[in-house]
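1. I would like to see how this sequence folds:
(one chain, ligands or ions: 2)
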Amino acid sequence: MNQQLNVYQRNGSKLGEIVDRQHLQIKREHEDLRKALLEGADLDRILEISTDLILTTLLHFESEERAIGDSVHGKLVAHRQLHTDLIESLKAISIDIEHRKLNGALELMKFFDGRLTYHLDVEDAEMERILAN
Ligand SMILES: [Fe+2]
Ligand SMILES: [Fe+2]
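-> Numbers count the residues shown, from 1 in each chain. Ligands and ions are numbered 1, 2, ... in the order given. Here you go, the predicted structure:
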C-alpha cells in the first residue's frame with residue numbers, strides 16, 4: 001500500500017469531508033446554471049457560472065487524484081482514466097463557452113445532468129469506499 005493511501009486512511013474522515021464539501025459546491029453551481037438558463041439570465045452571467053462550474057470540477061478531480069496518489073489498484077487507475085475522459089469532454093465544451101456561445105452552456109448543463117452527476121454520485125462513491133478500506 002502506498003504512502004498516500006495510508007495518509008488517506010489516517011485522515012479518511014477529513015478527506016471524505018473535503019470531497020463531500022466539493023461535491024456540494026459543484027451541485028450548487030450546477031443548480032445555479034440551471035436557474036440562470038431557465039430564467040433567461042444575461043449571456044455574461046451564464047458564461048460566468050459555466051466557467052466557474054468547469055473550474056470547480058477540474059479542481060475537484062485534482063483533489064481526488066491527490067488522494068489516489070500513485071496507487072496501482074485497478075479501480076483507482078480506472079478512476080483516473082474516467083477523469084481524463086471527463087476532462088476531454090469538458091475541454092470540448094469550454095471551447096464553445098470561450099467563444100461566448102450559449103450552446104456551450106446548454107451542452108454543459110446536459111453533461112452535468114447526465115454523465116457528471118453519475119460520476120459524483122456513483123463512481124466517486126465507489127472510489128471513496130476503496131480509499132477508506
Ligand atoms: Fe468526486
Ligand atoms: Fe472522481
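2. quick one: secondary structure of G40?
-> Assigned with DSSP: H, G, I helix; E, B strand; the rest coil, G40 falls in the coil class.
3. quick one: it from I46, how far?
-> With distances defined as C-beta to C-beta, to the nearest Å, the gap from G40 to I46 amounts to 9 Å. (C-beta placed from N, C-alpha, C; glycine too.)
4. likewise T117?
-> If you measure T117 against I46 using C-beta to C-beta, the figure is 19 Å.
5. which one of the two has more residues nearby?
-> For T117 and I46, the more surrounded residue by other C-beta atoms under 10 Å is I46, and the numbers stand at 24 against 14.
6. who touches that one in this structure?
-> Applying C-beta atoms under 8 Å, 6 or more residues apart in numbering, one finds that I46 lies in contact with 33, 36-37, 102, 105.
7. closest to M127 among the residues you listed?
-> Taking C-beta to C-beta as the measure, M127 sits nearest to L33 out of the contacts of I46, at 24.8 Å.
8. All set, thanks.
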